[in-house]
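the amino acid sequence is not available; the structure is as follows:
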């Protein structure tokens, strides 16, 4: 054990003497600070904007004046996607998902205003977030640090000396890994401390539950991820004949892992499972509403059925004699049917998304970057699952709102009358304000099983390779 | 050409041909280039198919309206009402404003997967119809497209690094450097000749892939493509030259090969990831945009008191004050008041919200201008900007599209409102003079933007080359 630390100490000393490593460490720290600061500024700005907009829209809804409930259902309201506190660490898909949605009767509006639409094509180069630094830049630092781990010892002949002194290869490997990890931890420790402090301070955030668990999980997965890179770099160095080769191999892997594979797999996913266009998607929904999902029960047929059913239920011969306004019942039935059709089409669309993203998930077995990227987005609630979860909640809220308006109309107004009946503040107040809480940490983690497994597989694979190779190592490469 | 130079080139060629790893790299890049072209074309093909579908739907709709004039009244009564009664037609007849992708959009997809490329417009409030997004997988949007511009911007610099990082250090480490020193030709010249050789080789490959892409995506001799083709080719040459200049500059510091490779990878990282990523967050925090203010204008609004005829008339009067050409005799207001009031209301709403929208678009313009001002230190983004500008998949094109849509929407409203406010039915003949969409473009601005951006890359290239040129003689190692 002692020799592990001795080797580690020597390695740290060498690293500290290298200007380039010192410079890179400073760059990483500066970038992390800038990223976290910018993330916080963006979070703070957005939080305020969204909070104000939320209050304003609620006020508008409550003070819309007396009007017919159906007009109120069309007047509707807006919901804005709240930013979660953890998004300051990982922006995830927030730039590419819509930020607000208009809720009204009969129609499921799509989310509007994707922030990326207000950027030039520069946005496609990525945004600086702490996650980007940790996922992409820190592995590169590790590569620069660890590429000569073995090759240099071999080139300068010290490897032979070490082994002849009775130091086992495994000890050297662990010495190196401990050294690089200590350097890494000393660079990142301040940020982890900040993360912990923030998480305890903000533990009772309303939007996102289990912040402490999420932060702990984030720290664990990032440590595992970076450990994989340290071990991988040491392994490549062990297997390479010269430092130059080791560096080139590692850089090539980095490019493949971070740039080429994620892009090609996403593109491949889209080519394999193409998405419909909005217009075609909407047309199909409208067609199914008009002709019925089975193509047999058209709108008028369904309405006649409903009329018959109500006349029978109340044993009357005219809808005028019903104790409620049939128009309200009809509207709600139409709404329900529209929702049913929408759900069928939305499920199909979601299936395509899932299929596309499954390819990326599975590709995390080819590159650990995809595993960490998806897990990190998931835990910070900036991923697609959270976005879809939020969308579902808003749709549920819309349905509830419209249902209440239609029921009120059915209960309180008379058939054939429209302008004669007006609802007021009591009805508007009966609609509770929309509140959103993301999925729990457990729920979200269970959606990313593939990524978790792949991360573990990577760790096991790399360490087995290290173990295997260190038994087979030759102090002189011929 | 000098004999020594010819000799150098010959031996460089031999060592290149014998290096299977280098050949493999070129081969892989070539294949990736072909895949990128294929991918881009399939993406744009999907857009073209959608545009065709959308147009077919529109054609079918209008064909039905026209046919309803010839049908017997009765069963087709309602259809004819939609076709001929302006109080229905103005908000039921849907026209499509379509932004046809440029032939070369397949090579630089740019922002065209992020912005809708067609809109169905009726006479209803423009802003109610303008903010719907196209279906897209956000993960895919986040990851971006593997198109030819990506291969050129991201992968070619890596190829250049891989081929040239050891041009000096390699000689030193293999012990050939002292032999070179005793030659009549200077080390600087040797380096430049060797860099020139690889420049021709790699730029040649980039041009070859580009030409395959350009030829397979459209007719390069068509008048609308000729200039774009030329710009693309010049762009590829300048960008490759820029990276060779950067490498020349790095090599001129005469560091060992690992250190040169680290520095080159660092510069690549700086230009392709760090600078753009930092600028993106700086831009968002310096010029924050608040889209919540725009949300309100997408709301479907109605008259406060629909049954109050006076309120309806007031709205109509206010509208007619802004549109005197629609004013008829006062008695016209008494007919069909509610329909007119609704038309007036949506039109007035657009007028009132125009200021907000313009302000928002102005802010977007301002923040992107700020970023464009920093293109000097941001050559990769600048080059990507040039490619998407050539292929007309840039943000500006979408802003132009939106302003063209505004005019088109005005033409649609005018067409129906003239009938509505003058109580005239729409007749079959009117269907031959329906409003049609025209995309406004500004070719002069397009050209100057591209030329100016290329000049920026060119100047940065000259700067790096000059530093390398001077530095190589100064460094005594």
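Arrived safely, thanks for sending. Bear in mind the structure is a predicted one, so any value in this text is a computation, not a measurement.

which residues does the residue nearest to residue A:76 when sequence neighbours are not counted contact?
Using C-beta to C-beta, 6 or more residues apart in numbering or on different chains and skipping the chain neighbours, the partner closest in space to residue A:76 is residue A:104 (3.5 Å). (Each C-beta comes from the backbone N, C-alpha and C, glycine too.) By C-beta atoms under 8 Å, 6 or more residues apart in numbering or on different chains, the residues touching residue A:104 are A:73-76, A:398, B:300.

okay, now residue 237: neighbour count?
Looking at chain A here, since you left the chain open. 26 (other C-beta atoms under 10 Å in any protein chain shown).

chain B was what I was after
Residue B:237: 16 surrounding residues under other C-beta under 10 Å.

against chain A, how distant is it?
Applying C-beta to the nearest C-beta, to the nearest Å, the value for residue B:237 to chain A is 21 Å.

surely that residue touches residue B:202?
No. Assessed by C-beta atoms under 8 Å, residue B:237 is found out of contact with residue B:202, at 10.9 Å.

for residue A:77, phi and psi?
phi -150, psi 180 (degrees, to the nearest 10).

give the contact list for the residue nearest to it when sequence neighbours are not counted.
Distances taken as C-beta to C-beta, 6+ apart place residue A:61 nearest to residue A:77, at 4.9 Å, with adjacent residues excluded. Shown in contact with residue A:61 (C-beta under 8 Å, 6+ apart): A:75, A:77, A:428, A:431.

redo those as a markdown table? Include pLDDT.
Formatted as a markdown table, the contacts of residue A:61 follow (pLDDT from 0 to 100):
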| residue | pLDDT |
| --- | --- |
| A:75 | 84 |
| A:77 | 87 |
| A:428 | 86 |
| A:431 | 86 |
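
of the residues you listed, closest to chain B?
residue A:75 (7.2 Å; C-beta to the nearest C-beta).

what number of residues are in the vicinity of that closest one?
Residue A:75 - counted by other C-beta under 10 Å - has 19 other residues nearby.

same question for residue B:87.
Residue B:87: 19 neighbours (other C-beta under 10 Å).

and if you look at residue A:43?
Using other C-beta under 10 Å, residue A:43 has 19 other residues around it.

which SSE is it in?
Counting by DSSP states H and E, the element that carries residue A:43 is helix A:19-62.

next structured bit after that helix?
Sequence-wise, the next helix or strand downstream of helix A:19-62 (DSSP H and E) is helix A:69-75.

and that following helix, what does it pack onto?
strand A:100-104, helix A:384-412, helix A:425-430 (3 or more C-beta pairs under 8 Å, 6 or more residues apart in numbering or on different chains; DSSP states H and E).

the following helix or strand past the shortest one near chain B at all?
Downstream of strand A:100-104, the next assigned helix or strand under DSSP H and E is strand A:107-108. No. Contact between strand A:107-108 and chain B, assessed by C-beta under 8 Å from any C-beta of the partner chain, is absent, since the two come no nearer than 9.0 Å.

rewinding a little: adding distance to residue A:133, write the contacts of residue A:104 out as CSV.
Listed next are the contacts of residue A:104 as CSV, based on distance: C-beta to C-beta, whole Å:
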residue, distance to residue A:133
A:73, 47
A:74, 47
A:75, 45
A:76, 41
A:398, 39
B:300, 44
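
just flag the most distant two among these.
A:398 and B:300 (13.8 Å; C-beta to C-beta).

just the strands in chain B please.
Using DSSP state E, the strands of chain B run over residues B:95-98, B:118-121.

which residues of the stretch 201-350 of chain A lie near chain B?
Counting by C-beta under 8 Å from any C-beta, the residues of the stretch 201-350 of chain A near chain B are A:243-244, A:247-248, A:251, A:255, A:259-260, A:262-264, A:266-267, A:269-271, A:274-281, A:283, A:349.

out of those, which are buried?
Neighbour-count burial (16 or more other C-beta atoms under 10 Å in any protein chain shown) applied to those gives A:243-244, A:247-248, A:251, A:255, A:259-260, A:262-264, A:266-267, A:269-270, A:275-281.

ok, which of the strands of chain B comes nearest chain A?
Of all the strands of chain B, strand B:118-121 comes closest under C-beta to the nearest C-beta, at 6.8 Å.

most distant residue from the middle of the chain?
Looking at chain A here, since you left the chain open. What lies farthest from the middle of chain A is residue A:317; by C-alpha atoms, centre = their mean that is 55.8 Å.

my bad, chain B
Computed with C-alpha atoms, centre = their mean, the residue of chain B farthest from its C-alpha average is residue B:182, at 53.2 Å.

how about the contacts made by residue B:106?
Here residue B:106 is in contact with B:37, B:40-41, B:43-44, B:147-148, B:213, B:217, B:391 (C-beta under 8 Å, 6+ apart).
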